[in-house]
Structure formats: structure tokens, C-alpha cells
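Trainee: coords please:
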Amino acid sequence: MTARFLFPLLLSILAAAPAAGEAPACPGLAPVGQVAAHGGDRAWLADPRDSYRHGVFGEPAEPGVLVLQGPAAQARGMDCLVAVLPEDRVFEDREVRFWDADGDGTAELAVVETDLEGGARLALYGTADGELRRLAQGPALGFHRWLSPVGPVPWGRGGAPLLAVVTTPHIGGVLRLYRYTPGSADLTEAAQLPGWSTHRFGSALPNTALVDAVPGGTNWIVAPDQARRRIARLRWQDGAWSIEEVGETEAQVSGAIAVAPDGCAYRVPTDTGIVQFPRPGAPGGCPQDKSR
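Mentor: So this is what the prediction gives:
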């Protein structure tokens with residue numbers, strides 16, 4: 001074969017190859033934000049577009065494609081399943097959350113989906129008839145109004161998982177719990193608690209709260225208040241909220257709250273450094289008082 005024909009062929013092969021950093025076997029679908037993993041499946045957002053331009057993550061563009069890779073896709077003979085939004089919608093998010101919304105043992109995908117006129121809402125996606133499609137959605141918050149998903153919590157009826165979010169975290173955040181009823185197109189609110197903020201406008205981090213499963217099976221949400229200085233543990237049970245104070249920081253919370261490697265404390269990133277607070281209910285052997 002002559003060079004005249006080899007050169008165009010080489011170009012076509014290079015053009016078809018996935019670029020560095022793209023997910024394996026999903027060329028052209030490089031992750032925007034984090035890649036979530038659950039039971040062999042991976043999910044992420046891709047293909048940014050600049051049609052909404054809210055800038056909640058400090059960028060003018062938001063992804064327009066949801067990608068699911070792994071056994072769920074392979075069972076349908078594909079490397080990836082994708083859901084592509086129409087031009088008047090974006091995923092105003094940086095992380096997909098696996099949420100077994102119907103309690104059947106198979107996790108669905110929870111994301112923030114935004115309409116150019118109606119604003120952001122919580123959306124639930126799952127596989128049906130060999131496709132990845134939206135199953136249900138919550139109420140829209142309004143133009144340039146946003147919500148910060150925290151994650152699943154086992155506080156529903158019979159221990160079924162609910163999905164915790166903080167709506168409008170920048171202008172007066174409200175912690176809300178959403179539930180899904182199979183067959184319904186709507187995600188409905190189970191409970192709410194005002195006064196919390198899990199995101200700073202312009203931060204690339206989608207959420208700073210922690211869902212903490214302490215020894216003994218008790219689950220808490222550890223979150224900052226609206227001023228992002230007071231830290232508390234929150235739990236919803238038997239129709240009522242329990243609030244336990246964790247501590248207060250001098251500077252605002254700037255990163256994701258986490259459990260320290262020894263399991264004894266909460267590590268809270270702030271604008272001036274990491275602060276530690278004792279973790280109530282921590283395993284035996286932890287000191288009673290952890291220095292800040």
C-alpha cells in the first residue's frame with residue numbers, strides 16, 4: 001500500500017482512538033467531575049455544553065450526557081449505556097450517586113438535572129428496555145436555583161433508602177429527604193430541616209456533608225450550618241429530627257467532611273486548615289477528647 005493511502009488510514013485510526021484520560025471502551029465520553037463506582041458498575045457525566053451558564057461549579061459549561069459502564073451495560077451487549085439530554089437541559093452536577101431507590105437490591109442513579117427555564121431538580125435514572133432513561137424527578141426549584149445531593153440514607157419505611165439533598169444551599173439551604181415509589185414519575189419529599197449549607201458557590205466539589213454509618217448501625221448526616229462554621233450530626237427517625245452538636249470552626253468549611261483514618265474523629269477542612277472533632281459512638285479505644 002502506498003504512502004498516499006496509508007496516511008489517511010492512519011489519521012482515521014487515530015481519530016477513532018479514545019483520548020488519554022477517557023473511560024475505557026467509552027471513547028468520546030471523558031468524565032466531567034468524579035467517576036462513581038458500585039458493584040462493578042461505574043457512572044459519570046460527560047459532554048459539557050454552555051447553554052445554561054449558571055456557574056455553580058465555577059465553569060460556564062455543564063454536562064449533557066449520563067454514562068453507565070459495567071455489568072448493567074454488558075448484560076445488554078454494550079460497553080456503555082448513555083442518556084443524552086435535549087438541548088434545553090443539562091446535568092448541573094459533578095458526581096452520580098448510586099441509590100437503590102426502590103429497595104430491590106439494584107441501584108438506580110441520582111443526579112441533578114436542570115431545565116433552562118425551570119432550574120434544577122433531583123432526577124432518578126435507571127435501565128429499562130435496554131436503555132438508560134429517567135424514571136422519576138423531583139420538583140423544579142426555579143431559574144438559577146440549585147440543589148446539592150448528600151447521598152442515600154436508610155431512614156425510609158422498613159429501612160428503605162431515602163435520598164438526602166440540600167436545596168438552595170447558597171441562599172438559605174434546606175435539608176430534604178426524597179423517596180421514590182416504583183411506577184411513579186415523581187420523587188416525593190419525606191422530611192425537611194432548614195438551616196444547612198453543603199456547597200460554596202463556584203466550588204468544584206458538589207457536596208461537603210458526610211453520611212456516617214457509626215458502629216452499631218446508626219446513620220447520621222454530618223453537615224455544616226448555613227454559615228458553614230457550626231457542624232452537627234442529623235438523623236431522621238419516627239417522623240422527627242435528632243440534632244447533635246459536633247463543634248464549631250473559626251473559618252468556613254471548604255472541603256468534604258470525612259472520618260479520620262483511626263475512626264475516632266471527624267476531619268473538617270476549612271479555609272485555614274483541617275479541624276478535628278470527636279466522633280460520638282466511635283469504636284472502643286478512642287480517646288475521650290480529641291484536640292482540634
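Trainee: let me see the domain layout of the protein.
Mentor: Under the assignment automatic domain parsing, the domains of the chain span 3-200, 208-292.
Trainee: who's in contact with residue 201?
Mentor: Residue 201 is in contact with 55, 56, 170, counting by CB atoms under 8 Å, 6 or more residues apart in numbering. Yep, even glycine has a C-beta here, placed from its N, CA and C like the rest.
Trainee: lowest-confidence stretch among the domains of the chain?
Mentor: When the domains of the chain are compared by mean pLDDT, domain 3-200 comes last with a mean of 86.
Trainee: coming back round to it: now the contacts of residue 201 in JSON lines, with secondary structure, neighbour count and distance to residue 112?
Mentor: What follows is the contacts of residue 201, written out as JSON lines (DSSP: H, G, I helix; E, B strand; the rest coil; neighbours: other CB atoms under 10 Å; distance: CB to CB, whole Å):
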{"residue": "55", "secondary structure": "coil", "neighbour count": "13", "distance to residue 112": "14"}
{"residue": "56", "secondary structure": "coil", "neighbour count": "27", "distance to residue 112": "9"}
{"residue": "170", "secondary structure": "coil", "neighbour count": "16", "distance to residue 112": "14"}
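Trainee: just send those residues back as TSV, with distance to residue 191 too.
Mentor: Listed next are these as TSV, based on distance: CB to CB, whole Å:
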residue	distance to residue 191
55	30
56	25
170	22
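Trainee: you'd agree residue 218 is up against residue 235?
Mentor: Yes - using CB atoms under 8 Å, residue 218 makes contact with residue 235 at a distance of 7.3 Å.
Trainee: neighbours around residue 147, how many?
Mentor: Number of residues near residue 147 (other CB atoms under 10 Å) recorded here: 27.
Trainee: was I right to think it contacts residue 167?
Mentor: Yes - using CB under 8 Å, residue 147 is in contact with residue 167, at 4.5 Å.
Trainee: and for the two, which residues touch both?
Mentor: By CB under 8 Å, 6+ apart, residue 147 and residue 167 have these common neighbours: residue 141.
Trainee: and the domains of the chain, which is most packed in?
Mentor: Mean neighbours per residue, mean count of other CB atoms under 10 Å, is largest over those for domain 3-200, with a mean of 18.
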